[in-house]
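1. Requesting a structural model of the entry that follows:
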Amino acid sequence: MQNGRGRVRWLRRGVGRVFLGVVLAGLLASCATLTTEYKKPTLTLERIHWLSGTWSAQHLEVELKVQNDNAVALPLVHVDFALTLDGAAIGTGSVDKPITVPAHGNSVVPVEMTVDLSTALLKIVPKMKDGSPPLHYAISGKLQAKVFGVRDYPIDLKGDWSPGR
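-> I've put the predicted structure just below:
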């Protein structure tokens, strides 16, 4: 409905103005959250341990610790990576189940992987004797999280790992 001046009558009432103010405030607040910087999660290798094995393959579990330094939870939707030990490609692993890392907290993500036994026997097992130096590891891949849509975060970890850990 319009009055003689072409204005919508309900806008002149206080309710219309309050409603319009609430809508505008909501839009401004949502825009502000889109412009805040979202910190990239950090990852560390927690541990690698043996699950089982056969004559052809070994099954390991790699635990990755995901640290979330943001004020909101980080919902992970996919983790995909490759592991090398002392330069030898050991295997790949992935997780497709959702895991939520709490705000200002961390979660350990267990990833099962299958290792080619020939690689393990020929290149790695001889280096795993008591008293031998730690093995150099490299983990590369990606972590996907639902942060303003699905966002990929690269995984690039390097360090030393002792089998007894």
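2. Spell out the secondary structure type for Ser118.
-> When classified by DSSP: H, G, I helix; E, B strand; the rest coil, Ser118 comes out as helix.
3. who does the helix or strand containing Thr84 touch, helix- and strand-wise?
-> Assessed by DSSP states H and E, Thr84 sits inside strand 74-85. Strand 74-85 sits against strand 57-68, strand 88-95, strand 99-101, strand 105-116, strand 135-146, strand 150-161, with contacts defined as 3 or more Cβ pairs under 8 Å, 6 or more residues apart in numbering; DSSP states H and E. All C-beta atoms are positioned from the backbone trio N, CA, C, and that covers glycine.
4. Now tabulate these in CSV and tack on mean pLDDT, mean neighbour count and distance to Leu43.
-> Formatted as CSV, the helices and strands packed on strand 74-85 follow (pLDDT from 0 to 100; neighbours: other Cβ atoms under 10 Å; distance: least, Cβ to Cβ, whole Å):
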stretch, mean pLDDT, mean neighbour count, distance to Leu43
strand 57-68, 87, 18, 5
strand 88-95, 85, 18, 13
strand 99-101, 93, 17, 11
strand 105-116, 88, 17, 9
strand 135-146, 89, 18, 7
strand 150-161, 88, 13, 6
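5. would you turn those into JSON lines with distance to Val79?
-> Shown next, in JSON lines, are the helices and strands packed on strand 74-85 (distance: least, Cβ to Cβ, whole Å):
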{"stretch": "strand 57-68", "distance to Val79": "7"}
{"stretch": "strand 88-95", "distance to Val79": "4"}
{"stretch": "strand 99-101", "distance to Val79": "8"}
{"stretch": "strand 105-116", "distance to Val79": "6"}
{"stretch": "strand 135-146", "distance to Val79": "5"}
{"stretch": "strand 150-161", "distance to Val79": "8"}
